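for reference, the sequence and a predicted model appear below.
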Amino acid sequence: MEVYIPYTQFTLANGLDVIVHRDASLPVVSVNVWYHVGSKNERPGRTGFAHLFEHIMFEGSQHVPEGEFDNLLEGAGGLNNGSTSNDRTNYWENVPSNALELALWLEADRMGFLLQTMTQDKLDVQRDVVKNERRESVDNQPYGAAFETVYENLYPADHPYHWPVIGSMDDLTAATLDDVKGFFRTYYAPNNASLAIAGDVNEQQVRRLVEKYFGPIPAGPPVPPVSMPDATFTSDRRVVLEDDVQLPRLYVAWHSPRIYTDGDAAMDVLSSVLADGKTSRLYKRLVYDEQIAQDVSAFQNSQELAGSFWIVATAKPDVKLGDLESALREELERVASDGVRSVEVERAVNGVETSFVRSLERVGGFGGKADRLNEYHFFAGSPGFVRRDLARYQEVDTADVSAAARDYLVARHAVWLSVVPRGRRELAAEGRGTGGSR
């Protein structure tokens, strides 16, 4: 199977990269903007800014009064959304093709004319919104602090993946209006963004409209480089977190290949072999055979600067997480030494192909064709990487999967986080390593 998304590409004088894909199957179009800024571009003491702007960008700009962004789009039959990660911030609008100009104007206005309406009151309101989001999703959520805690231990304090995307309460409180404006001027400029447009469009019309609305926006200053200190450690790191939960849960994370590099696809396939479906190795052993776990999952977290491989398992009531760890280690060592069966790899690759093709049936939204073109442009350096992306999974064989388990998991140290009910620290996984607790 070969997949390709035809596209044309051009760059404005101000540095904005533009990618256009024509799909006339339906009279719809998606406008998708990626700003090449995420939490990795922040610094200790000043975290959460990228995610904060994900909210502020919907609150009006010089020519779009507050509340009108959504009203105008919905009035034209469109919808929109955005998201922030460690590496990037994206925004998209899905609209009928005759509303393309509206979507481009709205995106251009908040790129070029947001700060003119940026006030202390607007900052305070959105800061409170983000703080409440943090309370709901992290501070007051069962297991909510787990991922944040793992990242704190997986990367050193000055590493750009050490702090959470949502930021800390203290940093959000300390952010001043000048801080926030300075962050926007540095990163939310055409020379630090890419614009993908996919759908029922005329390429000449797209170029004319993009030049009209985005062309006058001046380029920003050169974006500061991101430094990445060494993140390796010489022994397993163990952390115990008491939480308001009923069941103990084990989180394990290793350093792994970064996105689209050698080994990244094999780690994805390995995660499927280990924990995707009831016949996967860890599910069968932990949940079905030994019945010591409620659930288990595994995933390769592929990012721009570094990757991480995760296994998460929730124990049955009163089961010690050390029992899960022992079984987990045995299964990893078995994959590394004895290998995997070809049918396991084929099933995993078939799953990748199915989800891959399904996502490309949509021109817009998260993971649709416009979003994919931007992703490949940003992470792989070419919107045309889609063809290579699927091929790298199809080339994974049993030896690759076994080597991935051996080289990146069995042979390396990991962060082992035990989340246990309050007062039940005896359920934590003690293991073979040393580390702190909290």
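Looks like it came in fine.

report the central residue of this structure.
S85 (4.8 Å; CA atoms, centre = their mean).

spatially nearest residue to that one (excluding sequence neighbours)?
If the residues on either side of it in the chain are set aside, S85 comes closest to G38, at 5.1 Å by CB to CB, 6 or more residues apart in numbering. Glycine gets a C-beta too; all of them are placed from N, C-alpha and C.

okay, now the one you found: neighbour count?
By other CB atoms under 10 Å, 25 other residues sit near G38.

and R329, by the same measure?
R329, neighbours per other CB under 10 Å, totals 15.

which strands and helices sit next to the helix or strand hosting it?
Using DSSP states H and E, R329 sits within helix 321-338. Applying 3 or more CB pairs under 8 Å, 6 or more residues apart in numbering; DSSP states H and E, one finds that helix 321-338 contacts strand 249-256, helix 264-275, helix 281-282, strand 307-315, helix 398-404, strand 415-421.

what's the closest of the ones you listed to L115?
L115 lies closest to strand 307-315 among the helices and strands packed on helix 321-338, at 35.2 Å (CB to CB).

wait, a strand at V20?
Yes - membership of V20 in a strand is supported by DSSP: H, G, I helix; E, B strand; the rest coil.

bridging residues for it?
Beta-bridge pairing of V20 under DSSP bridges involves T8, I197.

that one contacts G199, doesn't it?
No - look at V20 against G199 with CB atoms under 8 Å: they stay out of range, at 9.6 Å.

next one: phi and psi at T261?
phi -100, psi 170 (degrees, to the nearest 10).

what does K316 give?
phi -70, psi 160.

how close does it get to A193?
Remark: distance between K316 and A193 (CB to CB, to the nearest Å) = 48 Å.

can you check N71 too?
Counting by CB to CB, the gap from N71 to A193 is 25 Å.

so for K316 and A193, which residue has more residues nearby?
Between K316 and A193, counted using other CB under 10 Å, the more crowded position is A193 (29 against 16).

phi and psi next, for that one.
On the backbone of A193 - angles per degrees, to the nearest 10 - the values are phi -140, psi 160.

residues in contact with it?
L16, D17, V33, W34, Y35, H36, M111 (CB atoms under 8 Å, 6 or more residues apart in numbering).

surely the residue nearest to S85 and E54 touch.
No - the criterion here is CB under 8 Å, and G38 misses it with E54 at 10.1 Å.

quickly list what's touching both of the two.
By CB under 8 Å, 6+ apart, the residues touching both G38 and E54 are T84, T89.

check the gap between the residue lying closest to S25 once chain neighbours are set aside and Y7 for me.
Excluding its sequence neighbours, the residue lying closest to S25 (CB to CB, 6+ apart) is D200, at 7.7 Å. Per CB to CB, D200 is found 15 Å from Y7.

what about those two, which has more around it?
Y7 (22 against 17).

can you give me the buried ones in the strand or helix carrying D170?
Assigning secondary structure by DSSP H and E places D170 in helix 169-174. By neighbour count with 16 or more other CB atoms under 10 Å, helix 169-174 contains the buried residues D171, L172.

same deal with stretch 277-287?
Quick answer for stretch 277-287 (16+ other CB under 10 Å): S280, R281, L282, Y283, K284, R285, L286, V287.

what does stretch 212-224 give?
Buried residues in stretch 212-224, counting neighbours by 16+ other CB under 10 Å, are found at Y213, F214, I217, G220.

what's the answer for stretch 374-394, then?
374-380, 383-386, 389-390, 392-393.

and if you look at stretch 345-361?
Quick answer for stretch 345-361 (16+ other CB under 10 Å): V345, R347, A348, V349, G351, V352, F356, L360.

what sits up against that stretch?
Here stretch 345-361 makes contact (CB under 8 Å, 6+ apart) with 1, 3, 5, 268-269, 272-273, 276-277, 367-369, 372, 386, 389-390, 393-394, 396-398, 401.

mind saving the C-alpha coords of that stretch as PDB?
Output of stretch 345-361 as PDB, limited to C-alpha atoms (Å, rounded to 0.1, in the frame of the first residue of the first chain):
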ATOM      1  CA  VAL A 345       4.100  -7.700  13.800                       C
ATOM      2  CA  GLU A 346       1.700  -8.100  10.900                       C
ATOM      3  CA  ARG A 347      -1.300  -7.400  13.100                       C
ATOM      4  CA  ALA A 348       0.400  -4.300  14.500                       C
ATOM      5  CA  VAL A 349       1.300  -3.000  11.000                       C
ATOM      6  CA  ASN A 350      -2.200  -3.700   9.700                       C
ATOM      7  CA  GLY A 351      -3.600  -1.600  12.600                       C
ATOM      8  CA  VAL A 352      -1.300   1.200  11.600                       C
ATOM      9  CA  GLU A 353      -2.300   1.100   8.000                       C
ATOM     10  CA  THR A 354      -6.000   1.100   8.900                       C
ATOM     11  CA  SER A 355      -5.800   4.100  11.200                       C
ATOM     12  CA  PHE A 356      -3.500   5.900   8.800                       C
ATOM     13  CA  VAL A 357      -5.900   5.600   5.900                       C
ATOM     14  CA  ARG A 358      -8.900   6.500   7.900                       C
ATOM     15  CA  SER A 359      -7.300   9.700   9.200                       C
ATOM     16  CA  LEU A 360      -6.600  10.700   5.600                       C
ATOM     17  CA  GLU A 361     -10.200  10.400   4.600                       C
END
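
many thanks, we can stop here.
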